[in-house]
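[1] pasting the sequence and the predicted coordinates here, then a few questions.
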Amino acid sequence: MTEEITYTGPRRILSGIQASGALHLGNYLGALKRFVALQEQGAPCFLFVADLHAITVWQDPAVLTAQTREIAAAYLASGLDPARSVIFPQSAVRAHAELAWIFNCVARLGWLDRMTQFKEKSGKHKERSSVGLYTYPVLQAADILVYKATEVPTGEDQKQHLELTRDIAAKFNNDFGAPGFFPQPEPLIQGPAPRVMSLRDGAAKMSKSDPSDQSRINLMDDADAIAAKVKKARTDPEPLPETLEGLDARPEAKNLVAIYAALADLSREQVLAQFAGQGFGAFKPKLAELAVESLAPITAEMRRLMAAPDEIDRVLKDGAERAAAIADPVVEETKRIVGFWRG
């Protein structure tokens, strides 16, 4: 049995945020803040706006353009530096879609049939869903492997898709006799990722698709809106406990403590040590104050950038050119390996 040849190329980290709906606190704590931390550690980050993924469900074209700029503005306002991190729109780098077709011919139907997110998003109307919604995990694999990314910041809901990416990479390398050509990207875990839940239901993830705006804190909310949403957040009548175990059967309380901890860069134990025995009448104003303090500078900078679309567009154009300079040669070499005529 021949020994597997491992990928020996440079370290690269890739992630993206879908261009659909307003960004919220969960996006900031679970993605943006973590991207900035990676950048500050000197990691080579490729961060894109996932507009190709967004159109798996209908998007108003004018709104899609605005949302692409808004996500780019959030990247920049959160502290990402386009001189150190490559920030770009997915659709501006044609290599993503081109490699996705090749991978559509490598991936197996049985692999996609096991993807739980399609089942959740299509619900009872699978036949009415777009083909893109079914195959978008293959596009995700292309997003990652077109840069030969070695690490992907991964939440619980994306682990299955990263496994699919690894399967596609391994099968391509094996089928075409190209050992070590595509890497086996690893999930990147940066400590305990905060899973931010809805302010109206502690058992549901905070989501931009939730019909209730009261369920989330949007990054474009002003101080008054943030304070009002925290004040109205669902809780229970009990005071905060002294230990984490005391939060186990209290999802809303657990969520608010986790949000405070993530914003303050504290552990949940430290938050409970500070507020144990106090009711939400005392805790919520402190949380609202912290949320406003943390998000206000980001909101202000996002609004400034959204009023200067040319500034955002310059960043996106430069990022797309830098991304394509990496991705295009990978696709060219992939075509050669597959046997496409190159002239």
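    Right, received. Where do you want to start?
[2] now the strand or helix carrying His161: buried residues?
    For His161, the host element (DSSP states H and E) is helix 159-175. Neighbour-count burial for helix 159-175, counted by 16 or more other CB atoms under 10 Å, picks out 161-162, 164-169, 171-173. For the C-beta atoms, the positions are set from N, CA and C on the backbone; glycine is no exception.
[3] pLDDT added to those, as a markdown table?
    Putting the buried residues of helix 159-175 into a markdown table (pLDDT from 0 to 100) gives the following:
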| residue | pLDDT |
| --- | --- |
| His161 | 86 |
| Leu162 | 93 |
| Leu164 | 95 |
| Thr165 | 97 |
| Arg166 | 96 |
| Asp167 | 97 |
| Ile168 | 97 |
| Ala169 | 97 |
| Lys171 | 97 |
| Phe172 | 98 |
| Asn173 | 97 |
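[4] ok, back up a step: which residues does the helix or strand just after the helix holding His161 contact?
    The element immediately downstream of helix 159-175 (helix or strand, assigned by DSSP H and E) is strand 186-188. For strand 186-188, contacts defined as CB atoms under 8 Å, 6 or more residues apart in numbering pick out 13, 38, 150-154, 159, 162.
[5] again, 7 Å this time
    Applying CB atoms under 7 Å, 6 or more residues apart in numbering, the external contacts of strand 186-188 come out as 13, 150-154, 159, 162.
[6] next SSE after that strand?
    Next element after strand 186-188 (DSSP H and E): helix 223-232.
[7] all strands of this protein, in order?
    Ranges of strands in the chain, per DSSP state E, are 13-18, 45-50, 86-89, 151-153, 186-188.
[8] save those as JSON lines, and put in mean neighbour count too.
    Formatted as JSON lines, these follow (neighbours: other CB atoms under 10 Å):
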{"stretch": "strand 13-18", "mean neighbour count": "22"}
{"stretch": "strand 45-50", "mean neighbour count": "26"}
{"stretch": "strand 86-89", "mean neighbour count": "24"}
{"stretch": "strand 151-153", "mean neighbour count": "21"}
{"stretch": "strand 186-188", "mean neighbour count": "15"}
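[9] turn those strands into CSV, including distance to Leu266 and mean pLDDT.
    As requested, these are exported to CSV (distance: least, CB to CB, whole Å; pLDDT from 0 to 100):
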stretch, distance to Leu266, mean pLDDT
strand 13-18, 25, 95
strand 45-50, 26, 97
strand 86-89, 30, 98
strand 151-153, 22, 93
strand 186-188, 23, 91
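[10] save these as JSON lines, and put in distance to Val106 too.
    As requested, those are exported to JSON lines (distance: least, CB to CB, whole Å):
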{"stretch": "strand 13-18", "distance to Val106": "19"}
{"stretch": "strand 45-50", "distance to Val106": "21"}
{"stretch": "strand 86-89", "distance to Val106": "25"}
{"stretch": "strand 151-153", "distance to Val106": "19"}
{"stretch": "strand 186-188", "distance to Val106": "20"}
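[11] of those strands, which is nearest Ala288?
    Ala288 sits nearest to strand 13-18 of all the strands of the chain, at 25.3 Å, using CB to CB.
[12] does anything pack onto that closest one? Which helices or strands?
    strand 45-50, helix 131-145, strand 151-153 (3 or more CB pairs under 7 Å, 6 or more residues apart in numbering; DSSP states H and E).
[13] nearest to Ala31, out of those?
    In terms of CB to CB, the element of these nearest to Ala31 is strand 151-153, at 7.2 Å.
[14] give me the contacts around the closest one.
    With CB under 7 Å, 6+ apart as the test, strand 151-153 has contacts from 13-15, 34, 144, 162, 185-188, 190.
[15] repeat for stretch 50-59
    Stretch 50-59 has contacts (CB under 7 Å, 6+ apart) with 16-20, 64, 68, 89-91, 96-97, 130, 132-133, 136, 139.
[16] roughly how far out does that stretch sit from the chain middle?
    14 Å (CA atoms, centre = their mean, to the nearest Å).
[17] and it, what's buried?
    Across stretch 50-59, burial judged by 16+ other CB under 10 Å covers 50-56, 59.
[18] endpoints of it, how far apart?
    13 Å (CA to CA, to the nearest Å).
[19] re the thing from before, among the buried residues of helix 159-175, which one lies nearest to Gly246?
    Closest to Gly246, out of all of the buried residues of helix 159-175 and judged by CB to CB, is Leu162, at 34.3 Å.
[20] if I pick that closest one, what's in contact with it?
    By CB under 7 Å, 6+ apart, the neighbours of Leu162 are 152, 154, 185, 187.
[21] what about 8 Å?
    144, 152, 154, 185, 187.
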